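>>> I need the structure of the sequence given here:
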Amino acid sequence: MKGSDNLSLSGRIAVLRKTLPESVRLIAVTKQVPVSIMRQAYAAGIRDFGESKVQAAIAKQDQLQDLADVTWHMIGHLQTNKAKLALERFDWIHSVDSLKIARRLDSLAAELGRQPQVCLQVKILPDPGKYGWSEAELITDLPQLDQCQNLTIQGLMTILPLGLNSTEAVNAFAQTRQLADVIRHKGWSHLAITQLSMGMSADYLLAVKAGATMVRIGQALFGQRPE
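Numbering: from 1, shown residues only. Next up is the predicted model:
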């Protein structure tokens, strides 16, 4: 989004939307973004907010209860002791990154009477700094994941390693799409895998080119924030 640094938030949102096909869902990553700015984003048309920490999200959700049509996305690593809160407070969980957390969510979802929308987080390329299944690990765990009848497993989520060039990034995103195709064509009972949550501020256009259906954009909308 070159040339958008001096635009207002609504201007940046408008410019970014013009770069996305209508079929791609824009998730505004609001980690470390104050509620007042989130209200501005909402006023500019944003309806999907992504948060990476459960407790921080709950504090914001409590202040934004009047925004009834917001969809909340959990995009950060989810600890098992936060799983119940995540199910109660989020519409989507993108970061189901192990069979252990999938089974925990499935059990809790049955208790709560919920059917959460989730994505399985995969590491298409080796990356010790990221959570998620490798491709081979996910293929091995698919039969057990298909038994998670209380989860609506909608797709795959991936975060690429730092330092890839454009060709490497496109290839990695394309490999994620191909993995989704393989899983979908196996005909599992509870694995829809129609969604691809991939692409962030620096690489979302490459992800869209490779087939992303959801992109998670923070810095390009809200600027650089502390980690």
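>>> Check the gap between the residue nearest to the spatial centre of the chain and residue 12 for me.
Nearest to the mean C-alpha position of the chain, by C-alpha atoms, centre = their mean, lies residue 94 at 4.1 Å. Computed as C-beta to C-beta, to the nearest Å, the residue 94 to residue 12 distance reads 23 Å. Bear in mind the C-beta positions are built from the backbone N, C-alpha and C, glycine included.
>>> now do residue 65
With C-beta to C-beta as the criterion, residue 65 and residue 12 are 26 Å apart.
>>> Repeat that for residue 129.
Applying C-beta to C-beta to residue 129 and residue 12 gives a distance of 28 Å.
>>> what does residue 207 give?
Using C-beta to C-beta, residue 207 is found at 19 Å from residue 12.
>>> of the two, who's got more company?
More crowded of residue 207 and residue 12, by other C-beta atoms under 10 Å: residue 207, with 28 against 21.
>>> Longest helix of this structure, counting residues only.
When the chain is parsed with DSSP state H, its longest helix is helix 166-184.
>>> out of everything not next to it in sequence, what's closest to residue 220?
The shortest distance from residue 220 to any non-neighbouring residue, by C-beta to C-beta, 6 or more residues apart in numbering, is to residue 201 (3.9 Å).
>>> what's the neighbour count on residue 157?
For residue 157, the number of neighbouring residues by other C-beta under 10 Å comes to 26.
>>> swap in residue 14?
Residue 14 has 14 neighbours, counted by other C-beta under 10 Å.
>>> Same question for residue 189.
Residue 189 sits with 8 neighbouring residues when counted by other C-beta under 10 Å.
>>> separation between the nearest residue to it once chain neighbours are set aside and residue 153?
Distances taken as C-beta to C-beta, 6+ apart put residue 146 closest to residue 189, at 5.8 Å, once the chain neighbours are dropped. According to C-beta to C-beta, residue 146 stands 8 Å off from residue 153.
>>> I'm done for today, thanks for sticking with me.
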